[in-house]
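Participant: here is a sequence together with a model predicted from it:
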Amino acid sequence: MQKIHDKILVVDDERFIRTTLAQALHSWNYETIEAASVAEALKVFQEEEIGIVLLDIDLPDGSGIDILNEIKAQSPETIAVMITGNVDVKNTIAALRGGAHDFIGKPVRLEELRVTLRNALETRQLRREVKIARKAQAVKFGFDQIIGESEPMKKAIELARRVAVSDVGSILLQGETGTGKDLFARAIHYASDRATSPYLAINCAALPATLIESELFGYEKGAFTDAKSRKEGLFEQAQGGTIFLDEIGEMELALQAKLLRVLEEGSFRRVGGLRDLPLNVRIIAASNQNLKKNGEEGTFRLDLYYRLSVIQVDIPALRERGDDCLMLAQFYIDKANQKRNGRKLRGLSPEVARLFKNYNWIGNVRELRNLIERASILEDGEFVTSAHLPADLWKDKVSETGNGAAIKLPPEGIAMETVEIELARQALERCGGNLTHAAKLLHISRDQLRYRLKKSGDGEIEDVE
Ligand SMILES: Nc1ncnc2c1ncn2[C@@H]1O[C@H](COP(=O)(O)OP(=O)(O)OP(=O)(O)O)[C@@H](O)[C@H]1O
Ligand SMILES: [Mg+2]
């Protein structure tokens, strides 16, 4: 019934109590070990895996509280139940601080012990499950899940990794929509020593300011008409963890001022509260806007911006990430294959790969993900071809600075000469007819340009110099 590592350690200096307890425990199928002193208990603890410990407080060579502290330091999951002869407030407080799970009075009533143990085991099981789930979360949301090997991306990840393990209290993530701010925020949380505490997110654009305030700060009973009872806010619920303030650019100015105060003072008050409570959460704020610019225009508090931007991680737009879009495309293709068993899309066609590298990606990774999801459903062949991609992809959204990206080979082909002349015309137009400047734009000499124009018989183009 019980697992082998749920052994119960019974610590009491009175042999009679130890044996009575041990007998009862055996009859309920628990495996037990006995210890009569602090030293003995700690020795057993070093050698065996103990699930639950029943601890007498007064021992010949010290206090059960010492054992409790030692055990909790080494193995926080082990459950300690204190057995107390008399109610001593000082000891009770010390035991609670030390993380005791429960208390049982002497003389021990066996039925009470049985119920207490059942609860204790349940708690232990829950703790274990939480721990396993958190570990899985940490893997699921870790930095390793962030795809990208381009220089700007490597830099952003490196900075975020370093910030994650530091003790900074607030971080600002800036990046266009779909660049992965959510992803970064979680990765920072799960890579930090806050990982075992909660990660809570709130979207500042989705709720009215008063609601955000009561969500964050909590409120006292009677603070406003609907405050029927006290409510803990996210600042309290996330104790020890991280709060993600998404779209902070949308937060109302008055609330920004309150947030700034919280960050400056390291404490907050519930709405309607009189007491300052310590803030023990890390704030990660995110925005897809340029908050500094907003600050200068008066729509964001500059003082809050400066406070938040002490540590600012700029997540590059996808169009600045070179070949990352190809890696991401492959990632989403593999994912689509997994989702549709037996589907075997191998990758992008060379043409699509080229298009991807030059595309503007206004929606960044989210846009790419959606695009691949769609193509993977519609595509029958082995490769994602342009047939099932939206026409935008090779139309005007193409980045203007994207080295020659705007030139596309028409389906019916085109004479090289025509292209040359067309480009020469455009260059001259842009430079107001100045041959030297136009030649520079075309990466040829002034004489070469003049020669080509002459050869094409384009007499009407005249040199303005
Ligand atoms: N580098 C990346 N590697 C893998 N997946 C990514 C990457 N960047 C973004 N994604 C995925 O793209 C989608 C959008 O990312 P995310 O929601 O984090 O963007 P965001 O910056 O928060 O956007 P918004 O400003 O619109 O809230 C998510 O599905 C996310 O998992
Ligand atoms: Mg987001």
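Facilitator: That came through, no problem. It should be emphasised that the depicted structure is a prediction, and the values quoted were computed from it without experimental measurement. Ligands and ions are numbered 1, 2, ... in the order given.
Participant: is residue 255 in contact with residue 212, as I believe?
Facilitator: Yes: at 6.3 Å, residue 255 counts as touching residue 212 under the criterion of Cβ atoms under 8 Å. (Glycine included, C-beta is placed from N, CA and C.)
Participant: what segments of the stretch 101-250 of the chain are strands?
Facilitator: 102-105, 170-174, 199-203, 218-219, 231-232, 242-246 (DSSP state E, counting those that start in this stretch).
Participant: any idea what residue 347 is bridged to?
Facilitator: residue 383 (DSSP bridges).
Participant: which residues does it contact?
Facilitator: Residue 347 makes contact with 329, 330, 333, 383, 384, according to Cβ atoms under 8 Å, 6 or more residues apart in numbering.
Participant: so when I look at residue 283, I'm seeing a strand, right?
Facilitator: Yes: checked against DSSP: H, G, I helix; E, B strand; the rest coil, residue 283 lies within a strand.
Participant: what about it, how many neighbours?
Facilitator: 23 (other Cβ atoms under 10 Å).
Participant: what of residue 16?
Facilitator: Neighbours around residue 16, by other Cβ under 10 Å: 8.
Participant: roughly how far does it sit from residue 34?
Facilitator: For residue 16, the distance to residue 34 equals 12 Å [Cβ to Cβ, to the nearest Å].
Participant: chain neighbours aside, what residue packs nearest to the residue nearest the centre of the chain?
Facilitator: By Cα atoms, centre = their mean, the chain has its centre lying nearest to residue 186, at 0.5 Å. Take residue 186 and drop its neighbours on the chain: the residue closest to it by Cβ to Cβ, 6 or more residues apart in numbering is residue 141, 4.0 Å away.
Participant: for the one you found, grab phi and psi.
Facilitator: phi -110, psi 20 (degrees, to the nearest 10).
Participant: can you check the one 5 residues further on too?
Facilitator: With angles defined as degrees, to the nearest 10, residue 146 shows backbone torsions of phi -90, psi 120.
Participant: quickly list what whichever residue of the stretch 201-350 of the chain sits closest to ligand 2 is bridged to.
Facilitator: Taking Cβ to the ion, ligand 2 has its nearest neighbour within the stretch 201-350 of the chain at residue 246, 5.5 Å off. Here residue 246 sits in beta bridges with residue 203, going by DSSP bridges.
Participant: how far does stretch 9-27 sit from its chain's centre?
Facilitator: Between the centre of stretch 9-27 and the centre of its chain there are 48 Å (Cα atoms, centre = their mean, to the nearest Å).
Participant: please parse the protein into its domains.
Facilitator: Per the record, the chain has its domains at 7-136, 147-314, 319-394, 416-455, by automatic domain parsing.
Participant: can you put the ones you listed in JSON lines and add mean pLDDT?
Facilitator: JSON lines is the format used below for the domains of the chain (pLDDT from 0 to 100):
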{"stretch": "domain 7-136", "mean pLDDT": "89"}
{"stretch": "domain 147-314", "mean pLDDT": "94"}
{"stretch": "domain 319-394", "mean pLDDT": "88"}
{"stretch": "domain 416-455", "mean pLDDT": "83"}
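Participant: and the ones you listed as JSON lines, adding distance to ligand 1?
Facilitator: Listed next are these as JSON lines, based on distance: least, Cβ to the nearest ligand atom, whole Å:
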{"stretch": "domain 7-136", "distance to ligand 1": "17"}
{"stretch": "domain 147-314", "distance to ligand 1": "3"}
{"stretch": "domain 319-394", "distance to ligand 1": "3"}
{"stretch": "domain 416-455", "distance to ligand 1": "34"}
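Participant: follow-up on the earlier one: so which of residue 255 and residue 212 has more stuff around it?
Facilitator: residue 212 (24 against 20).
Participant: ok, that one - contacts?
Facilitator: Taking Cβ under 8 Å, 6+ apart as the test, what residue 212 contacts is 202, 204, 251, 255.
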